[in-house]
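Peer 1: Everything below, folded, please.
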Amino acid sequence: MLRGCFDRRAVRVCLSVLEDLTDDASVRAECAEALGYRLQGVSWLVAPAADDGLARRVGEALGQGLGDPSAQVRFWSVYSVGVLGQRQHSSALKRLRDSDREVIPGMWSVAEEAQDVLAVLAGAPWPERVGTPRTDLALAPEQPR
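Peer 2: As a prediction, this is how the structure comes out:
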């Protein structure tokens, strides 16, 4: 999707999709992940003095994502808040750590991700985690040769 892009237009597209609750949750989750993955260390996000409001909008959208109805969106918003170092969301992260036990297929729970991000925001390195086996993927039967 837009994961390989990080220019301001792509950021605006990701934000529009993430903020639109009528879009598919998995697509919105991908946009939340892409914001964090592609914006790590981007100067206008780190020091938004000359920004046109886009850095603020990224923070707001991810903050809203932390309270999204979709666990996938919450999980990837937590991730992006962590990699972007957005400490202003610490209280929401603590709430998710204490209450959101939903597990993302192939990953881990939203609570565990929030716990990891809180540790990272406090200066710890990202922990190594092994995701849960995916049970939502059906393997196609082997085709005869």
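
Peer 1: contacts and neighbour counts: CA atoms only from here.
Peer 2: Will do.

Peer 1: And the top helix by length along the chain, what's buried?
Peer 2: For the chain, the longest helix by residue count, based on DSSP state H, is helix 25-39. Buried residues in helix 25-39, defined by neighbour count with 16 or more other C-alpha atoms under 10 Å: 25, 27-39.

Peer 1: got TSV for those, with distance to Leu18 too?
Peer 2: Formatted as TSV, the buried residues of helix 25-39 follow (distance: C-alpha to C-alpha, whole Å):
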residue	distance to Leu18
Ala25	9
Val27	8
Arg28	5
Ala29	7
Glu30	9
Cys31	6
Ala32	6
Glu33	10
Ala34	10
Leu35	10
Gly36	12
Tyr37	15
Arg38	15
Leu39	15
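
Peer 1: just to revisit the earlier point, helices or strands next to the longest helix of the chain in the packing?
Peer 2: When contacts are defined as 3 or more C-alpha pairs under 8 Å, 6 or more residues apart in numbering; DSSP states H and E, helix 25-39 packs onto helix 8-19, helix 54-65, helix 71-83.

Peer 1: Can you list the low-confidence ranges for this structure?
Peer 2: Scanning the chain for pLDDT under 70 picks out the ranges 1-6, 44-51, 132-145.

Peer 1: Now do the same contact list for the residue most central in space within it.
Peer 2: Nearest to the geometric centre of the chain sits Trp76, at 2.3 Å (C-alpha atoms, centre = their mean). Counting by C-alpha atoms under 8 Å, 6 or more residues apart in numbering, Trp76 touches 29-30, 32-33.

Peer 1: Can you name the residues in contact with stretch 22-34?
Peer 2: Defining contact as C-alpha under 8 Å, 6+ apart, one finds that stretch 22-34 is touched by 2-3, 14-15, 17-19, 62, 65, 70, 72-77, 79-80.

Peer 1: mind saving the C-alpha coords of that stretch as CSV?
Peer 2: Taking C-alpha atoms only, stretch 22-34 is exported to CSV below (Å, rounded to 0.1, in the frame of the first residue of the first chain):
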residue,chain,number,x,y,z
THR,A,22,-16.5,4.0,7.3
ASP,A,23,-13.3,2.7,5.7
ASP,A,24,-12.3,-0.9,6.2
ALA,A,25,-10.6,-1.4,9.6
SER,A,26,-7.7,-3.4,8.1
VAL,A,27,-7.0,-0.7,5.7
ARG,A,28,-7.2,1.9,8.4
ALA,A,29,-4.9,-0.2,10.6
GLU,A,30,-2.4,-0.4,7.7
CYS,A,31,-2.5,3.4,7.5
ALA,A,32,-1.9,3.8,11.2
GLU,A,33,1.1,1.4,10.9
ALA,A,34,2.5,3.2,7.9
